[in-house]
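Colleague: Give me a 3D structure for the following:
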Amino acid sequence: MAFFRSNRSRLPYRPNVGVLLLSAYNLIWVGERIDIPGAWQMPQGGINQGETIEQAFYREAYEEVGLVRDKLHILRVCRKPWRYDFPDHVMNRVPNNQYRGQEQYWVAARLLGTDTDINTMATDDPEFGNWRWMTPMQMLERIVPFKRHTYEKVLAEFTDILGTD
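Modeller: From the prediction side, this is the model:
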């Protein structure tokens, strides 16, 4: 069943955590989705019922990047969540989609380990096949267009951490 704008306004936003993972050189970890070649994004995922933002962050960092807690240092959690609506092709990709988009809390964190600690195949359901460290500008040029505006907000929120003014 295809969703139309009239149906969307009645749907809630999915509680979500985003992971702004930084290298020692303030480069950003970005992965290419296995299911959509050419679709690059930062790790993100739903916040489960009863889970804190930090708990969801650590779970998603493991599920999508293969990083355990002691390889990560949380620098800061964003002040407020940001929302974005799914475009039609995303809405219609998931049967019985219950959400109109995502409400994301972003967490900036530093990798305490090395690249060899990263394992995108750590779980039975990997999301990313390829990954790269990118500058903020490279990341904005590569990510899927419907997330660009949110990613610009994330970069602005963490400008002091990224060292970009």
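
Colleague: So what's the gap between the helix or strand hosting residue 18 and the chain middle?
Modeller: Following DSSP states H and E, one finds residue 18 within strand 13-22. Centroid separation between strand 13-22 and its chain, computed with CA atoms, centre = their mean, to the nearest Å, is 5 Å.

Colleague: Check which helices and strands that strand sits against.
Modeller: Counting contacts by 3 or more CB pairs under 8 Å, 6 or more residues apart in numbering; DSSP states H and E, strand 13-22 is packed against strand 28-33, strand 44-46, helix 53-60, strand 101-111. Glycine gets a C-beta too; all of them are placed from N, C-alpha and C.

Colleague: surely residue 24 meets residue 114?
Modeller: No. Here residue 24 lies out of contact with residue 114, judged by CB atoms under 8 Å, at a distance of 9.2 Å.

Colleague: Which other helices and strands does the longest helix seen in the chain contact?
Modeller: If you go by DSSP state H, the chain has its longest helix at helix 148-157. The elements that helix 148-157 packs onto, with contact taken as 3+ CB pairs under 8 Å, 6+ apart, are strand 82-85, strand 101-111, helix 136-142.

Colleague: Let's see that with 10 Å instead.
Modeller: On a contact count with 3 or more CB pairs under 10 Å, 6 or more residues apart in numbering; DSSP states H and E, helix 148-157 meets strand 13-22, strand 28-33, strand 82-85, strand 101-111, helix 136-142, helix 159-162.
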